[in-house]
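Asker: Have a look; sequence and predicted model below, questions after that.
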Amino acid sequence: MPDVTIYSMDGCPFCTKAKSFLKEKGIDFVEVDARPGSKEWRAMKKRIGSDSLPQITINGEFVGGYSNMVNLEATGELNKLFGLAGKSTGSSLYDVIIIGAGPAGLCAAVYAARKLLKTLIISKDIGGQVAWTYDIENYLGFSQIDTADLIGKFDEHVEKYGVEKMVGQEVNALKLTGKIKEVITGRGEIYFGKTIIIATGKRPRSLNVPGEKELIGRGVSYCSTCDAPLFAGADVAVVGGGNSALEAVIDFTRVASKVYMISLTPVTGDPVLYNKVRDYPFVEILTEYDTTRVIGDSVVEGIEIKSIETGEIKKLNVEGIIIEIGLLPNSDLIIDTLKTNRTGEIEIDNKCSTGLSGVFACGDVTDVPFKQVVVAAGEGAKAALAAYDYIIKQK
Amino acid sequence: MSEKVRIYSTPGCPFCKMTKEFLSQKGVEFTDYDVTKDREALEEMRKITGGARSVPVIAVCNEVMIGFDPGRLEQALNCLKQSSEIPE
């Protein structure tokens, strides 16, 4: 065990914090009452050249005050000084469990770790929706960065603080109403947290029609830039009426021989894109048609649509169906527990609180407007700081 | 095809890129087939998947996956460890 001394006095809040921090880590220490003006205080001042309290020494080596110790802990240096191999595991109760590892969740992790909160991230992937794009041109500090590189940098930053991460894990259930929250994963493992940060983002909306799920990857696609080249010379249908749908149509005009655009509403995308699409001779736009079925056994063979006005049913022979009908928040697990708006986004206040004590949310799963990487990251920081405030007040 | 890990991809596909990054980080060797340039690979991809029209398609040992699912891929990669532990 290392020889740890703390110079402190009663009534000094950072002395109390430093002592409880050492106790929680299971480190024995010698306490020296070094009230300013006392003999001990003068000796301390002479020895280490500082007169503020607390001051901590490890094996005679001067470490500094509480904040110096916290910084050392955040980088893992402190464990080395204490002679502890790796991070101490401590109790299995986390201060904060972050669900999701997009910009919001990862930024929350950095902020939580820097507040020395025992932090766990559970996520099915790293990067979230950012990973769906190829590069980013509007994240401060990077006029153009490859998405994978940016996510790599985010991940590296989190790694630096030794946050526990469980990637490739689905969360099956959440128990949020008690003081200690429970997260139950797809593998049936249970994790306990004093606070939860929900940063689960959004996913592409699906049509929910027969045949769609069964034929994903077999003609049904949600990523036109990925899959368009696989439909060379084929007839395809793009479902949707917004900008993403129009962009998908443009992607397909380069390869397909016929492109149907099927929209439930009149086209809502930007006129610039719409005019471009309308000019293609082999694009047929069918507005106010509901998609009712994906046809095909092992691969897509067609699509069934129904006119909203007349009820007439049409079958189009297509080999590909690209679905671009917007995004849905991944809020299914909490839809009965937390307040959501009519699109299913979690309603939060300006401190990322969901209204349920100890439960915070950030990023695209929330009702915060402007779904941008930089906004999500900022919201993640706020959620972690709010969780920290909450934990401090509980003590 | 003798390669243990094969990935069929297109250049504009972020999920393909993620898959490749994922494999590289784990130090797994793989062969990448750009199906927009390699017709034979495209046909091979469609054959082993029973007609997939989506990338990435990842073939690990005897398992074929459509799409990047890190959890599933990680599990599939176990077959590589097992075969390297048993001397041939």
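Answerer: On my side now, so go ahead. This one's a predicted model, so the numbers in the text were calculated from it and none came from an experiment. Numbering: from 1, shown residues only, chains lettered A, B, ... in the order given.
Asker: shouldn't A:Lys213 be in contact with A:Tyr222?
Answerer: No: between A:Lys213 and A:Tyr222 there is no contact, the gap being 11.7 Å when judged by C-beta atoms under 8 Å. For the C-beta atoms, the positions are set from N, CA and C on the backbone; glycine is no exception.
Asker: what touches both of those two?
Answerer: The overlap between the contact sets of A:Lys213 and A:Tyr222 (C-beta atoms under 8 Å, 6 or more residues apart in numbering or on different chains) consists of A:Ser206.
Asker: and those two? which has more neighbours close in?
Answerer: Each of A:Lys213 and A:Tyr222 had its neighbours counted (other C-beta atoms under 10 Å in any protein chain shown), and the higher figure belongs to A:Tyr222 (21 against 12).
Asker: pLDDT wise, what is that one at?
Answerer: A:Tyr222 is assigned a pLDDT of 91 by the prediction.
Asker: again with the one 10 residues further on
Answerer: At A:Ala232, the model reports a pLDDT of 92.
Asker: same question, A:Met9
Answerer: Here, the pLDDT recorded for A:Met9 equals 91.
Asker: quick one, what contacts the nearest residue to A:Gly302 once chain neighbours are set aside?
Answerer: Counting by C-beta to C-beta, 6 or more residues apart in numbering or on different chains, the nearest residue to A:Gly302 once its immediate chain neighbours are dropped is A:Ile295, at 3.8 Å. Taking C-beta under 8 Å, 6+ apart, we find A:Ile295 in contact with A:211, A:301-304, A:315.
Asker: Need the CA coordinates for the helix or strand hosting A:Tyr111. CSV is fine.
Answerer: Per DSSP states H and E: A:Tyr111 is located in helix A:103-114. Presented in CSV, the C-alpha positions along helix A:103-114 are these (Å, rounded to 0.1, in the frame of the first residue of the first chain):
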residue,chain,number,x,y,z
PRO,A,103,-22.0,11.8,-30.9
ALA,A,104,-24.4,12.5,-28.0
GLY,A,105,-23.6,9.3,-26.1
LEU,A,106,-19.8,9.5,-26.6
CYS,A,107,-19.6,13.2,-25.7
ALA,A,108,-21.7,12.4,-22.5
ALA,A,109,-19.2,9.7,-21.7
VAL,A,110,-16.2,12.1,-21.9
TYR,A,111,-17.9,14.6,-19.7
ALA,A,112,-19.1,12.0,-17.2
ALA,A,113,-15.6,10.4,-17.0
ARG,A,114,-14.0,13.8,-16.4
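Asker: Now the residue in the stretch 251-395 of chain A positioned nearest to chain B: closest residue in space, sequence neighbours ignored.
Answerer: Distances between the stretch 251-395 of chain A and chain B by C-beta to the nearest C-beta are smallest at A:Val299, namely 4.2 Å. Nearest-residue entry for A:Val299: B:Gly51, 4.2 Å, with adjacent residues in sequence omitted and distances by C-beta to C-beta, 6+ apart.
Asker: what sits against B:Phe15?
Answerer: B:Phe15 makes contact with A:131-132, A:223, A:226, B:55-56, B:67-68 under the criterion C-beta under 8 Å, 6+ apart.
Asker: on that earlier part again, pLDDT at the residue nearest to A:Val299, what is it?
Answerer: 90.
Asker: go on, B:Pro87?
Answerer: With respect to pLDDT, B:Pro87 scores 49.
Asker: could I have stretch B:10-19 exported to PDB, CA atoms only?
Answerer: This file holds the C-alpha atoms of stretch B:10-19, laid out as PDB (Å, rounded to 0.1, in the frame of the first residue of the first chain):
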ATOM      1  CA  THR B  10     -19.500  -0.600 -53.200                       C
ATOM      2  CA  PRO B  11     -17.400   2.600 -53.000                       C
ATOM      3  CA  GLY B  12     -20.300   4.900 -51.800                       C
ATOM      4  CA  CYS B  13     -21.300   2.600 -48.900                       C
ATOM      5  CA  PRO B  14     -20.500   3.800 -45.400                       C
ATOM      6  CA  PHE B  15     -21.400   0.500 -43.800                       C
ATOM      7  CA  CYS B  16     -18.900  -1.300 -46.000                       C
ATOM      8  CA  LYS B  17     -16.300   1.100 -44.800                       C
ATOM      9  CA  MET B  18     -17.300   0.600 -41.200                       C
ATOM     10  CA  THR B  19     -17.000  -3.200 -41.700                       C
END
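Asker: so where's the chain uncertain?
Answerer: Assuming you mean chain A. For chain A, residues meeting the criterion pLDDT under 70 lie at A:71, A:74-76, A:85-91, A:395.
Asker: that's the wrong chain, I wanted chain B
Answerer: Chain B contains residues with pLDDT under 70 at B:1-2, B:82-88.
Asker: Any chance of the backbone angles for A:Asp135?
Answerer: A:Asp135 has phi and psi values of phi -150, psi 170 when expressed as degrees, to the nearest 10.
Asker: partners of it in the sheet?
Answerer: With DSSP bridges as the criterion, the beta-bridge partners of A:Asp135 are A:Asp146.
Asker: residues near residue 47, how many?
Answerer: Using chain A here. The criterion is other C-beta under 10 Å. On that basis, A:Arg47 has 13 neighbouring residues.
Asker: let's do chain B instead
Answerer: Per other C-beta under 10 Å, the neighbour tally for B:Lys47 reads 10.
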